[in-house]
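1. Fold the following and give me the result.
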Amino acid sequence: MDCELCKAINETDRIIFETELSFCIIPKWPLKTGHVMVLPKRHVVDWSELNKEEAKDLIDLIDKMKFTLLKGFEEDCLILNHAGKLRSQQHLHAHIVPSKKAMRDFFLLTENIPKYEDVPEKVMIEMCEHVKKLL
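-> This is a model prediction of the structure:
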């Protein structure tokens, strides 16, 4: 397998912290100081492929790194996980990025949607029903 993120476990200069099942690294192309990536050591593409122990370990490490960054930076953190076609690497990973802006601000800029828009209750119910049908 030729997975760049699987190989990253050997790039010890980039590794911040590791457990038996997960590790945290500085991304190859960090967005800014404080940007880290947390990923499982085992190659998996999706959360559903993790066993319970791996999932707990990964979430615990994400949480640990979030609190670490909150202590060291005067910004809150965004935790992002790409799914499907949006990810550049087909190895499950989460980005933690200190940010002065909230998630809503990024969608406002990138998808040209209003920051806050009152959605009629009927539309919310339709949205809810649509997603329920997908289950």
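2. low-scoring pLDDT stretches of the chain, where are they?
-> 1, 86-87 (pLDDT under 70).
3. ranges for the helices of it?
-> With DSSP state H as the criterion, the chain has helices at 4-7, 52-72, 103-111, 121-134.
4. mind listing what's buried in stretch 75-90?
-> C77, L78, Q89 (16 or more other C-beta atoms under 10 Å). Heads up, the C-betas are built off the backbone N, CA and C, glycines and all.
5. now, which of these sits nearest T12?
-> The nearest member of the buried residues of stretch 75-90 to T12, counting by C-beta to C-beta, is Q89 at 19.2 Å.
6. now the nearest residue to that closest one once chain neighbours are set aside: how far from L78?
-> Spatial nearest neighbour of Q89, chain neighbours left out: L5 (5.0 Å); criterion: C-beta to C-beta, 6 or more residues apart in numbering. Look at L5 and L78: by C-beta to C-beta, to the nearest Å, they are 20 Å apart.
7. Please apply the same query to C6.
-> 25 Å.
8. before we move on, what about P98?
-> Taken as C-beta to C-beta, the span from P98 to L78 is 8 Å.
9. How about H95?
-> Distance from H95 to L78, by C-beta to C-beta: 8 Å.
10. Next: I9.
-> For I9, the distance to L78 - C-beta to C-beta - is 24 Å.
11. Equivalent analysis for F67, please.
-> 14 Å.
12. And for I96?
-> For I96, the distance to L78 - C-beta to C-beta - is 7 Å.
13. Same question for L39.
-> Counting by C-beta to C-beta, the gap from L39 to L78 is 17 Å.
14. cool, L50 as well?
-> Counting by C-beta to C-beta - L50 and L78 are separated by 22 Å.
15. which residues sit in contact with V38?
-> Neighbour list for V38: S22, F23, C24, L58, L61, I62, M65, H93, A94, I96 [criterion: C-beta atoms under 8 Å, 6 or more residues apart in numbering].
16. Next: L61.
-> F17, T19, S22, F23, C24, V38.
17. Look up how far W29 lies from V131.
-> 33 Å.
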